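Novice: sharing a model that was predicted from the sequence below.
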Amino acid sequence: MDTTDGVDSLESVNASRLAVVAAIAAAVAWGLKALAIGLAGGLDKSPLESPLFVLGLISIVVAFAALGVGVAGGRSTAVKVVAGLAGVLVGLALSGLASALAAAVIPDSAGWVQAEAGLWFSALLALGLTVFWYRTHGADAALPRHSH
């Protein structure tokens, strides 16, 4: 019996799970950043802004890299590395589009909310993409396959 498919499937599922967890972490970090800004009375008034931004940034990069690795599935390590890098590049491009959408939708009168909305849109996009991938591909890969 060939166990390679099972190992590759498990690696893909683990990468997909990591992507979801990292996307949740990005959304939580940037949500807490918004809370810190609101409680402090505006941008650049809370000492928590920068650390929470960095935590969210690292988390969203991990989410997109792990998503790329999950998409690569059972391919070679080199392909997974390239897929992880491609996931980050595509994710950053999509985040840029999400930020542009946020800027177009949120009025200037919203103040600091408009400045932060791009992060929230990006985090929600990452969360949506990673959950979608996990539900449509990752969860199925965890099921054992029987050969006849």
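Specialist: Now that the structure is in, tell me what you want to look at. Numbering: from 1, shown residues only.
Novice: for L119, which non-adjacent residue is spatially closest?
Specialist: Once flanking residues are discounted, L119 sits nearest to W30: 4.4 Å by CB to CB, 6 or more residues apart in numbering. (C-beta placed from N, C-alpha, C; glycine too.)
Novice: low-confidence stretches in this protein?
Specialist: 1-8, 138-148 (pLDDT under 70).
Novice: my read is that the residue nearest to L119 contacts F121, right?
Specialist: No - using CB atoms under 8 Å, W30 makes no contact with F121, being 10.0 Å away.
Novice: those two: which is more packed in?
Specialist: W30 (24 against 21; other CB atoms under 10 Å).
Novice: can you tell me the element the more buried one falls in?
Specialist: Here W30 sits within helix 4-40, counting by DSSP states H and E.
Novice: now the element after that helix, going C-ward?
Specialist: Taking DSSP H and E, what comes next after helix 4-40 is helix 49-72.
Novice: and the angle from that next one to helix 4-40?
Specialist: Taking axes from the mean of the first three to the mean of the last three CA atoms, to 10 degrees, one finds helix 49-72 and helix 4-40 inclined to each other by 160 degrees.
Novice: other SSEs contacting helix 49-72?
Specialist: When contacts are defined as 3 or more CB pairs under 8 Å, 6 or more residues apart in numbering; DSSP states H and E, helix 49-72 packs onto helix 4-40, helix 77-105, helix 112-133.
Novice: surely L43 and A34 touch.
Specialist: No - counting by CB under 8 Å, L43 does not reach A34; the two are 10.5 Å apart.
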